[in-house]
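Asks: Next input, structure requested:
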Amino acid sequence: MSKVGFIGLGIMGKPMVKNLLQAGIDTTVYDISENAMAILAKEGAKTATSPKEVASNKDVVITMVPNAAIVKSLLEGQDGILAGACPGTVIVDMSSVSPVASQEFAKLAAEKNCPFLDSPVSGGEPGAIDGTLAFMIGGEEKTVEKIKYIFEAMGKSITVVGPNGSGSVAKLANQIMVNLNIAAVSEALVLAQKAGADPKKVYEAVRGGLAGSTVLDAKAPMMYSRNFKPGGTLAINLKDITNVMDTAKSLNVPLILTSSLQQIMLSLKANGHIMDDHSGIVQFYEKISDVIVKSQE
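Replies: Numbers count the residues shown, from 1 in each chain. From the prediction side, this is the model:
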């Protein structure tokens with residue numbers, strides 16, 4: 001059984017580590033929050049004082065942090081992951097970053113003869129808690145097969161998309177589809193509310209047809225019950241959509257709907273909603289339509 005180092009114990013990382021521990025995997029954790037480490041220590045995790053220590057004598061090191069700048073800072077330097085990792089240590093970045101960043105990290109890891117996988121996830125906090133995450137992976141298939149049981153401890157879908165950077169591309173595509181779906185649900189429920197229909201009843205009427213989706217089932221009830229407690233914040237999703245637009249620009253790909261969505265998210269940020277769940281996109285449409293989506297039940 002491999003020894004795993006895990007860095008990043010936030011909304012996603014904490015339950016993911018719990019699932020590793022429940023699977024009997026020896027796991028050492030690191031986070032800037034000592035409280036987060038203390039909580040997992042009570043669950044059986046070992047703790048470290050630096051990324052270097054996390055990586056020392058580990059077979060696999062996983063990072064799950066907010067952005068590429070943090071990933072790079074964790075990898076580099078005298079106290080970084082690569083300073084502590086032995087040749088052959090598999091480094092898995094599960095953060096949502098750009099494909100260019102993932103390829104850069106792979107090159108850094110290769111200098112230490114460490115295989116690298118970019119493996120962002122989908123499923124949000126519920127998937128992290130339930131161990132049902134979907135992993136979209138960029139890297140060598142043989143590396144994934146070697147540590148597949150680690151992925152299986154945290155998720156249900158494991159797909160090698162292609163070489164380094166491909167997992168991050170898949171994540172960007174995922175974020176386009178998820179967030180535009182949320183925007184479409186928002187428009188539909190605002191229209192229903194304005195027309196005098198109960199949004200919950202409209203949701204129940206359409207969910208069994210072609211409009212039905214995992215996103216609809218997860219986010220529509222949050223909208224009509226006015227629950228914007230984040231599973232995935234607008235802040236994180238705006239970061240991802242910005243990565244989408246930056247990547248599209250570099251490839252000369254026009255993304256008309258996603259461009260509009262980015263502006264909607266920036267408007268919500270300006271109005272103090274950036275730490276709401278991304279179901280809070282509905283609040284943009286509510287404001288410009290002078291209506292509140294709320295079920296009477």
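
Asks: any chance you could map the strands in this structure?
Replies: Residue ranges of the strands in the chain, as given by DSSP state E, are 3-7, 26-30, 46-47, 60-63, 90-93, 116-118, 121-122, 133-138, 155-162.

Asks: I'd like those strands laid out as CSV, including distance to L172.
Replies: Where C-beta positions appear, they are placed from N, C-alpha and C, glycine not excepted. Shown next, in CSV, are those (distance: least, Cβ to Cβ, whole Å):
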stretch, distance to L172
strand 3-7, 23
strand 26-30, 27
strand 46-47, 33
strand 60-63, 18
strand 90-93, 15
strand 116-118, 11
strand 121-122, 11
strand 133-138, 10
strand 155-162, 11
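
Asks: out of those, which comes closest to L180?
Replies: strand 121-122 (14.6 Å; Cβ to Cβ).

Asks: How about stretch 71-82, which residues are buried there?
Replies: Judged by neighbour count (16 or more other Cβ atoms under 10 Å), stretch 71-82 contains these buried residues: V71, K72, L74, L75, G80, I81, L82.

Asks: can you tell me which of those residues are in helices?
Replies: Counting by DSSP state H, the part of the buried residues of stretch 71-82 found in helices is V71, K72, L74, L75, I81, L82.

Asks: can the strands of the chain go into JSON lines with extra columns for distance to N181 and mean pLDDT?
Replies: Converted to JSON lines, the strands of the chain look like this (distance: least, Cβ to Cβ, whole Å; pLDDT from 0 to 100):
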{"stretch": "strand 3-7", "distance to N181": "30", "mean pLDDT": "99"}
{"stretch": "strand 26-30", "distance to N181": "33", "mean pLDDT": "98"}
{"stretch": "strand 46-47", "distance to N181": "39", "mean pLDDT": "98"}
{"stretch": "strand 60-63", "distance to N181": "28", "mean pLDDT": "99"}
{"stretch": "strand 90-93", "distance to N181": "26", "mean pLDDT": "99"}
{"stretch": "strand 116-118", "distance to N181": "24", "mean pLDDT": "99"}
{"stretch": "strand 121-122", "distance to N181": "13", "mean pLDDT": "95"}
{"stretch": "strand 133-138", "distance to N181": "16", "mean pLDDT": "98"}
{"stretch": "strand 155-162", "distance to N181": "18", "mean pLDDT": "98"}
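
Asks: Out of these, which gets nearest to Q283?
Replies: Minimum separation from Q283 across the strands of the chain (Cβ to Cβ) falls at strand 121-122, 23.6 Å.

Asks: partners of that closest one, with directions?
Replies: strand 133-138 (antiparallel) (DSSP bridges).

Asks: Mind listing residues that contact the partner strand?
Replies: Strand 133-138 is contacted by residues 16, 94, 99, 102, 117-123, 127, 144, 151, 154-171, 174 when judged by Cβ atoms under 8 Å, 6 or more residues apart in numbering.

Asks: Can you tell me which of those are buried?
Replies: Using 16+ other Cβ under 10 Å, the buried ones in these are 16, 94, 99, 102, 117-123, 127, 144, 151, 154-155, 158, 160-161, 164-171, 174.

Asks: Let me see the ranges of the helices in the stretch 101-250 of the chain.
Replies: With DSSP state H, counting those that start in this stretch, the ranges of helices along the stretch 101-250 of the chain come out as 124-130, 141-146, 148-154, 166-194, 199-206, 214-224, 234-250.

Asks: which one of those helices lies closest to L21?
Replies: Closest approach to L21 among these is made by helix 148-154 (9.0 Å; Cβ to Cβ).

Asks: Who are the packing partners of the closest one?
Replies: Judged by 3 or more Cβ pairs under 8 Å, 6 or more residues apart in numbering; DSSP states H and E, helix 148-154 is in contact with helix 13-22, strand 133-138, strand 155-162.

Asks: thinking again about what came up before, ok, which of the strands of the chain comes nearest E53?
Replies: Between these, strand 26-30 lies closest to E53; by Cβ to Cβ that is 7.3 Å.

Asks: which other residues reach that closest one?
Replies: With Cβ under 8 Å, 6+ apart as the test, strand 26-30 has contacts from 1-7, 9, 17, 20-21, 36-37, 40-41, 44-51, 53-54, 58.

Asks: Within its sheet, name the partner strands of it and how each one runs.
Replies: Applying DSSP bridges, strand 26-30 is found paired with strand 3-7 (parallel), strand 46-47 (parallel).

Asks: what's the closest of those strands to I274?
Replies: With Cβ to Cβ, the closest approach to I274 among those belongs to strand 3-7: 24.4 Å.

Asks: what separates that closest one from the chain centre, distance-wise?
Replies: How far strand 3-7 lies from its chain's middle: 18 Å, per Cα atoms, centre = their mean, to the nearest Å.

Asks: got a list of contacts for that strand?
Replies: By Cβ under 8 Å, 6+ apart, strand 3-7 touches 13, 16-17, 20, 25-31, 45, 48, 51, 54-55, 57-65, 74, 81, 150.
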